[in-house]
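# Just to be clear, the model below is a prediction. Sequence and coordinates:
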Amino acid sequence: LLVSASEGSGRKASETLFGIFFEEINHAGAGGLWAELVSNRGFEAGGQVTPSNIDPWTVIGDDSSITISTDLSSCFARNKVALRAEILCDATGSNVCPEGGVGIYNPGYWGMNIEQEKTYKVVLHVKSLDSVNISVSFASVNGSQKLASTNIFAAASDVSNWKKFEVLLKAKATDHTARIQLTMTKKGVIWFDQVSAMPVDTYKGHGFRKELVEMVASIKPRFIRFPGGCFVEGEWLRNAFRWKESIGPWEERAGHFGDVWMYWTDDGLGYYEFLQLAEDLGTAPVWVVNNGISHNDQAPTSSIMPFVQEMLDSIEFARGSPNSTWGSVRAAMGHPMPFDLRYVAIGNEDCGKTYYLGNYLKFYNALRKAYPDIKIITNCDASSHPLDHPADMYDFHVYTSASSLFSMSKQFDHSPRNGPKAFVSEYAVTGNDAGTGSLFAALGEAGFLIGLERNSDVVEMASYAPLFVNVKDRKWNPDAIVFNSWQQYGTPSYWMQQFFAESSGATVLNTTLQANSLTSLVASAIIWQNSKDKNEYIQIKIVNFGSNPVSLQISVDGLAPNSISLSESKQTILTSNNIKDENSFNEQNKVVPVQSVLKNAGANMDVVLSPHSLTSF
Ligand code: AHR
């Protein structure tokens, strides 16, 4: 392998080459990244009508001690459903309440993770005609063990109108499948609405599950595309993600049923929170807007302008001055400074649909005029032929077998060098090769990414898809990060991305693989600067996709004498005994990168590449 590192050779890669794509799929956000523990906190999962679907809320008590119903008495205009509980038993008399009382419980998303010594903030809204004494507690799965509890007392005059209560609960024991309970032992009628429970300790205090964000942060993403995917489109437009419904105080959000991935979200993780997450991660937000097209219905171009205005409003919300109509809403939510939104994608996978082009042009023209600096991304592929419409970038998605993706390392070698750049916003090996996240898949993907890195003059951005899966709702396979209520691990595809953490903004060097029979190898080399020590580092990455070890001589020309520090030279390898090997909750580190000192580091070095491996030097 010849690597040319002489002064002036090589090319600067995009500063945003590798990032992440977050979609609300697999309960990635609700019951995942968003640390809210209560599911269906407003009793609205059945929609804005009664009787609503209150699942997974469940009654504690029997017909003789409690009856519940839903009505439209909430104080929140956009989500009128509230839960009415009539307690029929009492502390004394002929119908004494069972020990522990009667009421309701919510197990969250397949059980709440409550950890000893950690503090949780519980918020609930209550109304009653009588005085109330509500026990708020976290308990084990069947309620037998209390992990934390407190009581809310209020006089009838305090709760005759809706009143918000906030309590902090510190857990005295750990339970990963806990539930929250609201119980009473006094006869009367009581209404509940908007019940929330969050750990106090979240990523940067902004409501994100810390361990999950930290895993994302460690691959150093330079952008975050959100919130989908198909989630943006919906099966039907009426169920698509509507950003205006997802902002403002969480209690006032209506929530919605995502009909592609078939689950309800309370929209605690809304448009504002996505922008906040991007800022917290130091990444560029890429906002995918609904372009009036879902999987099954389309708004024709002649009536698309309300959707276009919706997009313009969303940008004013993100970037407008705190005095502007929508900028003031953002400011009221706690962020007077604008968010750094510079990328907007018009729709998802909609190119070729009847109204795509017409709608796209309406969006494009309005956006270009109002925000000339925003980079606009079309759904239409321009990797092999020019577009028939203006765009700054074009979206490119690929899901295929390991060997197909590996061979697609050349996909962009012959793409037009001028014109819009590629945004490979979804790529992954899927199908049998991938299982639920295999080494084989990761190697196919690594070969593809090496190709993107080599073609980073025409590829501006790339992200793996999907990012997260809650194992209790595996709608899509495989995914980069797997989690349950309390654990998380990376699939080999996640660890593969660690090898590309320094690529964005790096100088990509010219490399030539000389051996003519080495179709199983792909390689790239970069020089990157460490922002901490300001030193420059050279990194050579090679995938050996074949089943035999390969001896290779690596020659780097153009390096200044003594510029290689032997003590700092490392080699990192991602491999395993079997290409189908995967990580799991029990074996989280079965297929992870292993680092060692590179003993023979130098301008010329002989290395042996393990079968089925990704190695960086
Ligand atoms: O990443 C999963 C899905 O794959 C996305 O929602 C969609 O864009 C693609 O079809």
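Structure received. Because the structure is predicted, anything quoted here is derived from the model rather than measured.
# How about the residues of the stretch 101-250 of the chain by the ligand?
Within the stretch 101-250 of the chain, the positions near the ligand by C-beta under 6 Å from any ligand atom are 228-230. Bear in mind the C-beta positions are built from the backbone N, C-alpha and C, glycine included.
# Which residue would be the closest one in the stretch 501-617 of the chain to the ligand?
The stretch 501-617 of the chain approaches the ligand most closely through E582 (19.2 Å), counting by C-beta to the nearest ligand atom.
# and that residue, what does it touch?
Contact analysis of E582 by C-beta atoms under 8 Å, 6 or more residues apart in numbering lists 435-439, 491-492, 590-591.
# count of neighbours near G435?
If you count neighbours by other C-beta atoms under 10 Å, G435 ends up with 17.
# just the strands in the stretch 101-250 of the chain please.
102-106, 112-114, 119-128, 132-139, 146-154, 163-170, 175-184, 188-199, 223-226 (DSSP state E, counting those that start in this stretch).
# which residues are in contact with the fourth one?
By C-beta under 8 Å, 6+ apart, the surrounding residues in contact with strand 132-139 are 101, 103, 105, 112, 114, 120, 122, 124, 126, 145-154, 159, 167, 169, 171, 175, 178-186, 188, 190, 197.
# now do 6 Å
114, 122, 146-154, 159, 167, 178-184, 186, 190 (C-beta atoms under 6 Å, 6 or more residues apart in numbering).
# what do you get for the third one?
With C-beta under 6 Å, 6+ apart as the contact definition, strand 119-128 has outside contacts at 136, 159, 162-170, 190-191, 193-200.
# What of the shortest one?
The contact list for strand 112-114 (C-beta under 6 Å, 6+ apart) reads 37, 138, 147, 171, 175-176, 178, 485-486.
# In ChimeraX, how would I select the buried members of the residues you listed?
Of those, the buried ones go into a single ChimeraX selection, burial set by 16 or more other C-beta atoms under 10 Å:
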select :37,138,147,171,175,178,485,486
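# in the stretch 401-550 of the chain, what residue is nearest the ligand?
Distance from the ligand to each residue of the stretch 401-550 of the chain (C-beta to the nearest ligand atom) is smallest for A465, at 3.8 Å.
# Go through the residues of the stretch 101-250 of the chain next to the ligand and name the one nearest H414.
G229 (28.7 Å; C-beta to C-beta).
# Test my guess that the closest one contacts E23.
Yes - G229 lies in contact with E23 (C-beta atoms under 6 Å); the separation is 3.6 Å.
# Which residues does the residue of the stretch 501-617 of the chain closest to the ligand form beta bridges with?
Going by DSSP bridges, E582 is paired in beta bridges with S438.
# And the pLDDT for it?
At E582, the model reports a pLDDT of 98.
# Quick check: it vs F545, distance?
Computed with C-beta to C-beta, to the nearest Å, the distance linking E582 and F545 is 18 Å.
# circling back to that earlier point, buried deepest among the strands of the stretch 101-250 of the chain, which one?
Most buried of the strands of the stretch 101-250 of the chain by mean neighbour count (mean count of other C-beta atoms under 10 Å) is strand 223-226; its value is a mean of 28.
# quick one: contacts for whichever residue of the chain sits closest to the ligand?
The ligand sits closest to G229 of the chain, with a gap of 2.9 Å, by C-beta to the nearest ligand atom. Applying C-beta under 6 Å, 6+ apart to G229 gives the contacts 23, 348.
# shouldn't S65 be in contact with C89?
Yes - in terms of C-beta under 6 Å, S65 counts as a neighbour of C89; the distance is 4.1 Å.
# Save the contacts of E582 as JSON lines, and put in distance to P51 too.
What follows is these, written out as JSON lines (distance: C-beta to C-beta, whole Å):
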{"residue": "G435", "distance to P51": "42"}
{"residue": "T436", "distance to P51": "38"}
{"residue": "G437", "distance to P51": "41"}
{"residue": "S438", "distance to P51": "45"}
{"residue": "L439", "distance to P51": "50"}
{"residue": "T491", "distance to P51": "41"}
{"residue": "P492", "distance to P51": "46"}
{"residue": "K590", "distance to P51": "48"}
{"residue": "V591", "distance to P51": "48"}
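# Would you convert these into TSV that also reports pLDDT and distance to the ligand?
Shown next, in TSV, are these (pLDDT from 0 to 100; distance: C-beta to the nearest ligand atom, whole Å):
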residue	pLDDT	distance to the ligand
G435	95	17
T436	97	15
G437	98	14
S438	98	18
L439	98	21
T491	98	14
P492	98	18
K590	98	25
V591	98	22
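# contact partners of stretch 446-466?
11, 13-14, 16-21, 23, 25, 223, 225, 393, 405-406, 408-409, 412, 415, 421-426, 428, 476, 479-480, 496, 500, 503, 508, 522, 524, 543, 614.
# and those, which are buried?
For the contacts of stretch 446-466, buried by 16+ other C-beta under 10 Å: 13-14, 16-21, 23, 25, 223, 225, 393, 405-406, 408-409, 412, 415, 421-426, 428, 476, 479-480, 496, 500, 503, 508, 522, 524, 543, 614.
# Show me which residues of the protein sit near the ligand.
23, 25, 228-230, 348-349, 397, 426, 465-466, 476.
# try 5 Å this time
With C-beta under 5 Å from any ligand atom as the criterion, the chain meets the ligand at residues 229-230, 465-466.
# if I look at I315, how far off is E279?
According to C-beta to C-beta, I315 and E279 sit 16 Å apart.
# Please identify which of the two sits among more neighbours.
For I315 versus E279, the count of surrounding residues by other C-beta under 10 Å is larger for I315: 21 against 17.
# Walking through the stretch 501-617 of the chain, point out its strands one by one.
Under DSSP E, counting those that start in this stretch, the stretch 501-617 of the chain gives strands at 507-512, 521-529, 536-544, 550-557, 570-574, 594-597, 604-609, 613-616.
# Relative to the whole chain's centre, how far out is stretch 362-371?
28 Å (C-alpha atoms, centre = their mean, to the nearest Å).
# Show me the shaky parts of the stretch 501-617 of the chain.
516-517, 566-567 (pLDDT under 70).
# any idea how the chain splits into domains?
2-12+507-616, 18-35+202-430+445-477, 58-199 (automatic domain parsing).
# Tell me which of those sits most buried.
For those, the largest average neighbour count (mean count of other C-beta under 10 Å) is found in domain 18-35+202-430+445-477, namely a mean of 20.
# That domain spans what distance, first to last residue?
From its first residue to its last, domain 18-35+202-430+445-477 covers 21 Å (C-alpha to C-alpha, to the nearest Å).
# give me phi/psi at R454?
Backbone torsions of R454, given as degrees, to the nearest 10, read phi -70, psi -30.
# per-residue confidence at it?
95.
# what's the distance between it and V508?
According to C-beta to C-beta, R454 stands 7 Å off from V508.
# same deal with C75?
Counting by C-beta to C-beta, the separation of C75 from V508 is 57 Å.
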